[in-house]
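1. Here is a sequence together with a model predicted from it:
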Amino acid sequence: MKISRAPVCLGLLLACGWASGCKDEDEIKVYRVSKPEPEPQQQQSPAPANGEMGGMPQTGAPASADAPNARPSQVAGNPPPTWEAQPLSSMRQASFLVKGDNGTMADISLVSLAGPAGGALDNVNRWLAQLGRPPITGEQLSQMARHVPSPLGDAMVVDLEGLPQGADAAKDGRIVAGIVAGDNRTFFFKMRGNSALAGSQKEAFVRWIGTVRMAGGEHPHP
C-alpha cells in the first residue's frame, strides 16, 4: 500500500507549530530590577563628655553659681546683709561669700554631719594643719575656746591664724570656726579667708551662729 507524502508532511508541520507555541507560552521571562539605594542612617550624637548624661552634671559635681540650690537647707538663721549667699552643695547647709578691699575675700559655710564627726580637738587640729600650724592639746583648746549659746546648742568657737606656704593672703590666713556637738549630729560653722577681713567679720559670724536653728521647728537633739 502506498502512502501519500503530502498528508504526512502537513501533519509534521502542524505538530512543530504546536510545539513551538507551547514553548513560547511556557518560557520564564527574567527581568533585571535595579537595587534601591540604602537609606542614610541617622548620625548618632557623641557621648557626653565627663560622664554627663543628658547635659546633667555628674553626681557630686559642684553646682554652678546660676544653678538653684542642690537641696533645701535644713537650717535657718539671720546672716548679715553684706554676706553674699552662694548655692548650697550636697553637704553645705549654708554658704556665703564676703568680699573686702583689694580683692580680699572670705568663705563662710555651715556643714552638718552625723554623729560626733571626729570630735572637737581633732577637727581644730585639722584646721590648724590647713593653716600650716602645729596641733594643740585638749588643755590648750579649752583655754582658747569661746562658748556661744545657740538654738542648736552650745557652740565652741575658735579663732586660728596662719598662712600656709604658697597660699594667697587675699583669700587665706585665718579660720574662725564654731562646733555644736549634738546627740545625733555635729554642726560645723567655718569662716576662712583673708586674715584682716575674717577678723572684721568675726563678731558678725559669732552673732550669726547664735541665730541658726533647725528649719521647720525640728529639734537637733531627739
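-> Happy to help now that I have it. All values derive from a computational prediction rather than experimental measurement. Numbering: from 1, shown residues only.
2. can you pull out the helices in this protein?
-> For the chain, helices defined by DSSP state H occupy the ranges 5-26, 120-130, 138-144, 195-200, 202-209.
3. Could you find the closest non-adjacent residue to Gln165?
-> Gly132 (6.3 Å; C-beta to C-beta, 6 or more residues apart in numbering). From N, CA and C alone the C-beta is placed, and that goes for glycine too.
4. what does Thr137 give?
-> Leu121 (8.0 Å).
5. measure that neighbour to Ala177 for me?
-> 13 Å (C-beta to C-beta, to the nearest Å).
6. next one: Met144
-> In terms of C-beta to C-beta, Met144 sits 12 Å off from Ala177.
7. out of those two, which sits in the busier spot?
-> Between Met144 and Ala177, Ala177 has the larger neighbour count (other C-beta atoms under 10 Å), namely 21 against 13.
8. so the more buried one touches Trp127, yeah?
-> Yes - if you go by C-beta atoms under 8 Å, Ala177 and Trp127 touch, sitting 6.1 Å apart.
9. okay, now Asp101: neighbour count?
-> 9.
10. Ala198 too?
-> Residues contacting Ala198 under the criterion other C-beta under 10 Å number 27.
11. I'd assumed Asp172 was in contact with it.
-> No - under the criterion of C-beta under 8 Å, Ala198 is not in contact with Asp172, lying 9.5 Å apart.
12. Now do the shared contacts for the two.
-> Common contact partners of Ala198 and Asp172 (C-beta atoms under 8 Å, 6 or more residues apart in numbering): Arg192.
13. Show me the shaky parts of this protein.
-> The chain contains residues with pLDDT under 70 at 1-73, 183, 217-222.
14. in it, which spans are strands?
-> 75-76, 84-85, 92-99, 105-114, 146-148, 155-161, 173-181, 185-194, 213-214 (DSSP state E).
15. what's the spacing between Met156 and Val180?
-> For Met156 relative to Val180 (C-beta to C-beta), the value is 8 Å.
16. Compare those two (neighbour count), which wins?
-> When neighbours are counted by other C-beta under 10 Å, Met156 and Val180 differ, and Val180 comes out ahead with 22 against 17.
17. Show the contacting residues for that one.
-> Ser150, Leu152, Gly153, Asp154, Ala155, Met156, Thr186, Phe187, Phe189, Pro220.
18. Let's see that with 7 Å instead.
-> For Val180, the contacting residues are Ser150, Leu152, Gly153, Asp154, Ala155, Thr186, Phe187, by C-beta atoms under 7 Å, 6 or more residues apart in numbering.
19. I'd like to know how far the fourth one sits from Glu84.
-> Distance, Asp154 to Glu84, using C-beta to C-beta: 29 Å.
20. Look up the closest residue to Leu131, ignoring the ones flanking it.
-> Per C-beta to C-beta, 6+ apart, closest to Leu131 is Gly162, 3.2 Å.
21. Go ahead and confirm that neighbour touches Ala129.
-> No - look at Gly162 against Ala129 with C-beta atoms under 7 Å: they stay out of range, at 9.5 Å.
22. Tell me which of those two has more neighbours.
-> Under the neighbour definition other C-beta under 10 Å, Gly162 and Ala129 were set side by side, and Gly162 has more, 18 against 13.
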